[in-house]
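A.B. asks: got a predicted structure here, sequence first:
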Amino acid sequence: MSGQKTVTPSVDGLAALIKAAGTGGPEGGGRRGLPPVHLWNPPFGGDLDIRIARDGSWYHEGGRIRRMEMVRLFSSILKLEGGKYFLVTPVEKVGITVDDVPFVAVDFTVEGAGEAQVVRFVTQVGDEVVAGADHPIRLQGGDSDAPSPYVMVRDGLEALIDRKSFYRLVDLGCHNDGWFGLWSAGAFFALMPSAAME
């Protein structure tokens with residue numbers, strides 16, 4: 001994030017951020033207890049040396065954050081604004097680096113079949129989301145590069161669907177109006193032209 005100051009937080013600074021993040025309380029606006037970050041618009045406090053790798057791992061100053069409780073807490077205060085990612089509390093907003101998208105969908109379950117099918121994803125931090133009109137699946141790339149599938153988790157924050165899950169999704173796919181794709185919660189997600197499957 002060029003042109004913005006970099007903050008080197010102390011252990012106390014990270015602890016304060018974590019404590020402030022916990023002030024969201026259970027009233028997550030119908031978001032399963034997530035803090036209401038969509039209501040918070042604090043001043044920008046600089047950039048933190050925190051990075052989310054493409055595989056969903058979190059790093060601080062080059063070292064991997066291995067405490068899953070901390071990763072889950074930080075993931076609950078993520079916000080996307082103007083194409084940039086921030087950790088947001090009621091009192092401060094700090095920029096972080098995200099290599100691709102912040103979440104990885106590591107598994108899913110299926111109920112029903114055909115147009116009545118419902119696909120529920122779970123991310124590496126435990127978020128659950130049902131693919132549907134409000135949580136679409138999209139496929140990016142696929143010509144020279146391997147295609148990258150994504151599902152919307154919340155508020156513009158997406159999850160990369162991991163390879164094993166994507167292969168399982170393809171097995172559930174079908175053809176509809178000239179497209180190969182997937183049904184979930186009454187919505188059809190076109191992944192590629194049917195002709196490309198021939």
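C.D. replies: That came in fine, so what should we check first?

A.B. asks: where along the chain do the helices fall?
C.D. replies: Ranges of helices in the chain, per DSSP state H, are 11-21, 68-76, 163-172.

A.B. asks: tell me which residues in the shortest one are buried?
C.D. replies: To tie it back to what came earlier, the one meant is helix 68-76. Neighbour counts using 16 or more other Cβ atoms under 10 Å place 71, 73-76 of helix 68-76 among the buried residues. Any C-beta I mention is one placed from the backbone N, CA and C, and that applies to glycine too.

A.B. asks: same thing with stretch 135-152?
C.D. replies: Neighbour-count burial for stretch 135-152, counted by 16+ other Cβ under 10 Å, picks out 135, 137, 139, 148-152.

A.B. asks: what's the mean pLDDT across it?
C.D. replies: For stretch 135-152, mean pLDDT rounds to 84.

A.B. asks: surely Lys84 and Gly95 touch.
C.D. replies: Yes: taking contacts as Cβ atoms under 8 Å, Lys84 lies within contact range of Gly95: 6.1 Å.

A.B. asks: just want to know which of the two has more residues nearby.
C.D. replies: Gly95 (20 against 14; other Cβ atoms under 10 Å).

A.B. asks: how far away is the more buried one from Asp134?
C.D. replies: According to Cβ to Cβ, to the nearest Å, Gly95 and Asp134 sit 27 Å apart.
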